[in-house]
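Engineer: Sequence plus the predicted model coming up.
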Amino acid sequence: MPKPIKTSLLNFVEFPTYGDSRGQLSVAQIGSSLPFEIRRVYWVHGTKPGVSRGFHAHKKLNQICLCMVGNVRMHVFDGKNYDSVILKPEHGGLEIPPNLWHEMHDFSPDCVLAVFTDAEYDESDYIRDRQKFIQYVHTL
Ligand code: TYD
């Protein structure tokens, strides 16, 4: 397999922010900033030092990752190419569509990473083996 090269696999959803003398208020709303109806929200927090998470792709699930507090390095891979970003609150939502391998590294101790999804949890939608993922995306 050719060595993966860095390419742009990062798409961000912008959530409008309304600021005034009191501070900031940001909105994720279907029809404007959200590209799908949310059916599940989960969040990753209290991550221990040195821990990485993810290491999977989904066959059908759409996700948007929003770092609410702190930062985390998001690494994505489409079977050929990769990209990465240190995700921070000001980036808005990082889209993780189906068939995109993703890993999360270098969580700051205060990191709160919220994930909006368009479906309920379904283990059969996961591909957790990187080699199997590469084989799978080449059959699409
Ligand atoms: P896991 O898939 O290991 O998380 P990550 O991909 O971030 O490393 O999930 C951790 C546990 O949480 C595992 O037992 C499955 C469970 N879980 C749910 O029950 N519902 C969910 O929506 C998610 C995302 C995980």
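Structural biologist: Everything's here; your move.

Engineer: Contacts only, for the residue positioned nearest the centre of the chain.
Structural biologist: Central residue check for the chain by Cα atoms, centre = their mean: the C-alpha nearest the mean position is that of Cys65, 4.0 Å away. With contacts taken as Cβ atoms under 8 Å, 6 or more residues apart in numbering, Cys65 has the following neighbours: 74, 87, 93-94, 96, 113-115. Glycine gets a C-beta too; all of them are placed from N, C-alpha and C.

Engineer: quick one: the strand or helix carrying it near the ligand?
Structural biologist: When secondary structure is defined by DSSP states H and E, Cys65 falls within strand 63-69. No: in this structure, strand 63-69 remains apart from the ligand according to Cβ under 6 Å from any ligand atom; the gap is never smaller than 9.4 Å.

Engineer: For the nearest residue to Met68 once chain neighbours are set aside, grab phi and psi.
Structural biologist: With Cβ to Cβ, 6 or more residues apart in numbering as the criterion, Met68 has its nearest non-adjacent residue at 4.3 Å, and that residue is Val112. Backbone geometry at Val112, expressed as degrees, to the nearest 10, gives phi -120, psi 110.

Engineer: Up against the ligand, what does the chain have?
Structural biologist: Within the chain, the positions adjacent to the ligand are 40, 42, 44, 53-54, 56, 121 by Cβ under 6 Å from any ligand atom.

Engineer: which of the residues you listed are buried?
Structural biologist: Of the members of the residues of the chain next to the ligand, the ones counted as buried by neighbours, 16 or more other Cβ atoms under 10 Å, are 44, 54.

Engineer: And Leu77, how far from Tyr42?
Structural biologist: To be clear, residue 77 is Phe; Leu isn't right here. 22 Å (Cβ to Cβ, to the nearest Å).
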